[in-house]
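[1] For reference, the sequence and a predicted model appear below.
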Amino acid sequence: MSQPIAPNNNEIVLKNGDLIVSKTCLKGNITYANRHFMSIAGFTEQQLLQQPHSIIRHPDMPKGVYRMMWQSLRSGSEFFGFVKNLCSDGSFYWVFANVTPDLDEKGEVRGYYSVRRKPSREAIEAVIPLYKKMCEIEVAGRGSPVIDESMKFLTDWVDSTGLNYSQVALHLYRHGSL
Ligand SMILES: Cc1cc2nc3c(=O)[nH]c(=O)nc-3n(C[C@H](O)[C@H](O)[C@H](O)COP(=O)(O)O)c2cc1C
């Protein structure tokens with residue numbers, strides 16, 4: 001994509017049972033996209049393959065969420081999270097993503113893959129104010145420390161629930177609220 005995509009307020013809502021799947025190399029460049037990914041996001045395979053996954057990053061998504069995701073993946077853990085993504089025409093769609101290290105036959109990490117499902121409206125509404133606060137923290141400062149600060153806002157909120165991050169994410173996905 002040569003031009004940045006201009007986001008608009010048109011929401012694409014996934015259907016129950018829709019699965020959006022992608023795989024990446026260790027750096028996060030897309031190596032596989034399933035048909036649902038291409039049709040919902042409005043990209044061809046050619047436009048996606050070898051591109052950084054941030055090609056569909058929505059500006060409403062806090063950087064702190066992705067830092068947390070990469071920290072989990074690099075420590076060998078899977079990651080769950082609610083993600084707002086951009087379509088090629090500027091529309092957006094929400095997903096509940098599970099991102100996992102992709103292991104080769106020797107058990108070495110050779111990349112990552114993500115499977116995304118439809119989140120409930122209640123879960124999205126629960127997450128929006130948290131992400132908004134994180135984005136406010138991120139624009140108020142500069143550089144890497146501010147992303148740690150925004151991540152800390154999220155982890156402090158999770159701690160206040162008495163559950164761990166994955167438990168909170170899965171509970172929100174299954175029940176819409178805590
Ligand atoms: C398997 C996998 C799937 C990813 N899926 C998404 C995604 O759906 N949307 C997104 O914005 N970033 C996704 N990312 C994270 C991006 O690589 C990137 O970290 C993020 O978009 C933030 O961009 P930045 O690192 O340039 O700030 C994914 C990464 C991996 C490894």
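    All right, it came through fine.

[2] Buried ones in the helix or strand encompassing residue 46, by neighbour count?
    Using DSSP states H and E, residue 46 maps to helix 45-48. Buried residues in helix 45-48, counted by 16 or more other Cβ atoms under 10 Å: residue 48. (Each C-beta comes from the backbone N, C-alpha and C, glycine too.)

[3] Tell me the residues of the chain that contact the ligand?
    Counting by Cβ under 6 Å from any ligand atom, the residues of the chain close to the ligand are 22, 24, 28, 53-54, 56-57, 61, 63, 66, 83, 85, 99, 112-114.

[4] same question for the helix holding residue 46, mean pLDDT?
    Mean pLDDT, helix 45-48: 97.

[5] For it, name the packing helices and strands.
    strand 30-33, helix 35-41 (3 or more Cβ pairs under 8 Å, 6 or more residues apart in numbering; DSSP states H and E).

[6] for the chain, what spans make up the strands?
    Assigned by DSSP state E, the strands in the chain fall at 20-24, 30-33, 79-86, 92-103, 109-117.

[7] Sheet partners, orientation included, of the second one?
    When you say that, I think you mean strand 30-33. Sheet pairing for strand 30-33, assigned by DSSP bridges, gives strand 20-24 (antiparallel).

[8] What angle do strand 79-86 and the strand it pairs with make with each other?
    Strand 20-24 runs at 100 degrees relative to strand 79-86, counting by axes from the mean of the first three to the mean of the last three Cα atoms, to 10 degrees.

[9] Just want the angle from strand 20-24 to strand 109-117.
    Angle between the axes of strand 20-24 and strand 109-117 is 170 degrees (criterion: the same axes, to 10 degrees).

[10] Tell me which residues of strand 20-24 come out buried.
    For strand 20-24, using 16+ other Cβ under 10 Å, the buried residues are 20, 22, 23, 24.

[11] could I get whichever helix in the chain runs longest in CSV with only the CA atoms?
    Ranked by residue count under DSSP state H, the longest helix found in the chain is helix 121-140. Written as CSV, here are the backbone C-alpha positions of helix 121-140 (Å, rounded to 0.1, in the frame of the first residue of the first chain):
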residue,chain,number,x,y,z
ARG,A,121,-21.0,-6.1,21.3
GLU,A,122,-20.8,-6.1,25.2
ALA,A,123,-17.1,-7.2,25.1
ILE,A,124,-16.3,-4.5,22.6
GLU,A,125,-18.1,-1.8,24.7
ALA,A,126,-16.1,-3.0,27.7
VAL,A,127,-12.8,-2.7,25.9
ILE,A,128,-13.4,0.7,24.1
PRO,A,129,-12.9,2.9,27.2
LEU,A,130,-9.8,1.0,28.3
TYR,A,131,-8.2,1.4,24.8
LYS,A,132,-9.3,5.1,24.7
LYS,A,133,-7.5,5.8,28.0
MET,A,134,-4.4,3.9,26.7
CYS,A,135,-4.3,6.0,23.5
GLU,A,136,-4.7,9.2,25.6
ILE,A,137,-1.6,8.1,27.7
GLU,A,138,0.3,7.4,24.5
VAL,A,139,-0.4,10.8,22.8
ALA,A,140,0.4,12.7,26.0
